[in-house]
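[1] structure, please.
(one chain, ligands or ions: 1)
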Amino acid sequence: MTPLCRLDDIPDGSAVGALPDARGRDAVVLVRRGDRVFAWVNNCPHYDRAPLGWRKDAFLNGDGTRILCAAHGALFRIEDGICEIGPCLGQGLTPVSVIISEGTVCLAG
Ligand code: FES
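    Numbers count the residues shown, from 1 in each chain. The predicted model follows:
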(Lines give C-alpha, C1' and ligand atoms only; values in the text may rest on other atoms or scores of the structure.)
Protein backbone atom coordinates (compact mmCIF):
# COMPACT_ATOMS: atom_id res chain seq x y z
CA MET A 1 0.00 0.00 0.00
CA THR A 2 1.23 3.46 -0.85
CA PRO A 3 0.51 5.99 1.90
CA LEU A 4 -0.89 9.29 0.65
CA CYS A 5 -1.49 11.29 3.82
CA ARG A 6 -2.95 11.07 7.29
CA LEU A 7 -6.74 11.33 7.48
CA ASP A 8 -6.23 14.12 9.99
CA ASP A 9 -4.29 16.06 7.34
CA ILE A 10 -7.55 16.52 5.43
CA PRO A 11 -9.87 18.89 7.32
CA ASP A 12 -13.38 17.46 7.30
CA GLY A 13 -15.26 18.91 4.35
CA SER A 14 -12.08 19.88 2.52
CA ALA A 15 -9.84 18.51 -0.19
CA VAL A 16 -6.11 18.05 -0.55
CA GLY A 17 -3.81 16.90 -3.30
CA ALA A 18 -1.51 13.93 -2.92
CA LEU A 19 1.10 11.92 -4.77
CA PRO A 20 3.03 14.78 -6.40
CA ASP A 21 4.83 14.04 -9.64
CA ALA A 22 8.30 15.23 -10.61
CA ARG A 23 6.93 18.71 -11.40
CA GLY A 24 5.15 18.94 -8.07
CA ARG A 25 1.69 18.46 -9.48
CA ASP A 26 -0.51 16.29 -7.28
CA ALA A 27 -1.75 13.24 -9.15
CA VAL A 28 -4.64 12.51 -6.79
CA VAL A 29 -7.39 14.63 -5.26
CA LEU A 30 -8.68 13.51 -1.85
CA VAL A 31 -11.95 14.86 -0.49
CA ARG A 32 -12.92 14.11 3.09
CA ARG A 33 -16.47 13.73 4.33
CA GLY A 34 -16.31 12.62 7.95
CA ASP A 35 -14.57 9.28 8.06
CA ARG A 36 -14.89 8.77 4.31
CA VAL A 37 -12.42 9.86 1.66
CA PHE A 38 -13.29 10.18 -2.02
CA ALA A 39 -10.28 10.00 -4.34
CA TRP A 40 -10.00 11.12 -7.95
CA VAL A 41 -7.27 11.45 -10.54
CA ASN A 42 -6.32 15.12 -10.83
CA ASN A 43 -7.33 15.31 -14.48
CA CYS A 44 -10.35 17.05 -15.92
CA PRO A 45 -12.24 15.07 -18.59
CA HIS A 46 -12.78 18.27 -20.58
CA TYR A 47 -9.13 18.45 -21.66
CA ASP A 48 -6.89 15.47 -21.18
CA ARG A 49 -4.42 15.93 -18.36
CA ALA A 50 -5.71 19.38 -17.38
CA PRO A 51 -5.33 19.64 -13.61
CA LEU A 52 -8.42 20.54 -11.62
CA GLY A 53 -7.10 23.05 -9.12
CA TRP A 54 -5.68 26.49 -9.75
CA ARG A 55 -3.32 26.25 -6.78
CA LYS A 56 -2.29 23.68 -4.19
CA ASP A 57 -5.32 21.99 -2.59
CA ALA A 58 -7.84 24.34 -4.25
CA PHE A 59 -10.18 21.65 -5.57
CA LEU A 60 -13.63 22.59 -4.26
CA ASN A 61 -16.14 25.27 -5.14
CA GLY A 62 -16.88 28.09 -2.73
CA ASP A 63 -19.32 26.24 -0.50
CA GLY A 64 -17.38 22.98 -0.64
CA THR A 65 -20.20 20.99 -2.22
CA ARG A 66 -18.55 20.15 -5.56
CA ILE A 67 -15.14 19.54 -7.07
CA LEU A 68 -14.30 22.49 -9.31
CA CYS A 69 -12.12 22.55 -12.40
CA ALA A 70 -10.67 26.02 -12.36
CA ALA A 71 -9.93 26.06 -16.10
CA HIS A 72 -13.49 26.38 -17.39
CA GLY A 73 -15.63 25.98 -14.29
CA ALA A 74 -16.82 22.39 -14.51
CA LEU A 75 -18.42 21.17 -11.27
CA PHE A 76 -18.25 17.52 -10.30
CA ARG A 77 -20.17 15.64 -7.63
CA ILE A 78 -17.83 14.62 -4.85
CA GLU A 79 -19.43 11.20 -4.33
CA ASP A 80 -19.30 9.87 -7.89
CA GLY A 81 -17.18 12.39 -9.81
CA ILE A 82 -19.84 13.11 -12.43
CA CYS A 83 -19.84 16.58 -13.99
CA GLU A 84 -23.16 18.29 -13.25
CA ILE A 85 -22.38 21.71 -14.66
CA GLY A 86 -19.83 22.72 -17.27
CA PRO A 87 -18.36 21.83 -20.66
CA CYS A 88 -17.93 18.12 -19.82
CA LEU A 89 -21.49 17.64 -18.55
CA GLY A 90 -22.17 13.99 -17.76
CA GLN A 91 -18.54 12.92 -17.98
CA GLY A 92 -16.74 11.71 -14.91
CA LEU A 93 -13.50 12.01 -13.04
CA THR A 94 -11.40 8.87 -12.86
CA PRO A 95 -11.71 7.19 -9.46
CA VAL A 96 -8.74 6.15 -7.37
CA SER A 97 -9.15 3.28 -4.92
CA VAL A 98 -8.02 4.22 -1.46
CA ILE A 99 -8.33 2.68 1.97
CA ILE A 100 -7.87 4.16 5.40
CA SER A 101 -5.56 2.06 7.53
CA GLU A 102 -4.75 3.11 11.07
CA GLY A 103 -5.53 6.72 10.27
CA THR A 104 -3.51 6.81 7.05
CA VAL A 105 -5.09 7.18 3.62
CA CYS A 106 -3.39 4.73 1.26
CA LEU A 107 -3.69 3.64 -2.33
CA ALA A 108 -5.53 0.33 -2.33
CA GLY A 109 -3.79 -2.65 -3.87
S1 FES B 1 -10.28 21.74 -18.53
FE2 FES B 1 -11.68 21.40 -16.86
S3 FES B 1 -13.47 22.45 -17.43
FE4 FES B 1 -12.13 22.72 -19.11
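
[2] could you report the neighbour count for the nearest residue to V96 once chain neighbours are set aside?
    Spatial nearest neighbour of V96, chain neighbours left out: A39 (3.9 Å); criterion: CB to CB, 6 or more residues apart in numbering. Heads up, the C-betas are built off the backbone N, CA and C, glycines and all. A39 is flanked by 22 other residues according to other CB atoms under 10 Å.

[3] is it true that A39 touches I99?
    No: checked against CB atoms under 8 Å, the pair A39 and I99 is beyond contact range at 10.0 Å.

[4] how much space between the residue nearest to V96 and the ligand?
    18 Å (CB to the nearest ligand atom, to the nearest Å).

[5] quick check: neighbours shared by A39 and I99?
    Common neighbours of A39 and I99 (criterion: CB atoms under 8 Å, 6 or more residues apart in numbering): V105.

[6] and the helices in this structure?
    Along the chain, no segments are classed as helices by DSSP state H.

[7] near the ligand, which residues of it?
    Neighbours of the ligand within the chain, by CB under 6 Å from any ligand atom: C44, H46, Y47, A50, C69, A71, H72, A74, G86, P87.

[8] can you select the buried ones from those in PyMOL?
    For anyone working in PyMOL, the buried entries among the residues of the chain next to the ligand, judged by 16 or more other CB atoms under 10 Å, can be selected with:
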select buried, resi 44+46+69+71+74+86
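
[9] from W40, how far out is I10?
    With distances taken as CB to CB, to the nearest Å, I10 is found 13 Å from W40.

[10] can you list residues touching both of these two?
    Taking CB under 8 Å, 6+ apart as the contact rule, the neighbours common to I10 and W40 are V31.

[11] kind regards, and thank you for your time.
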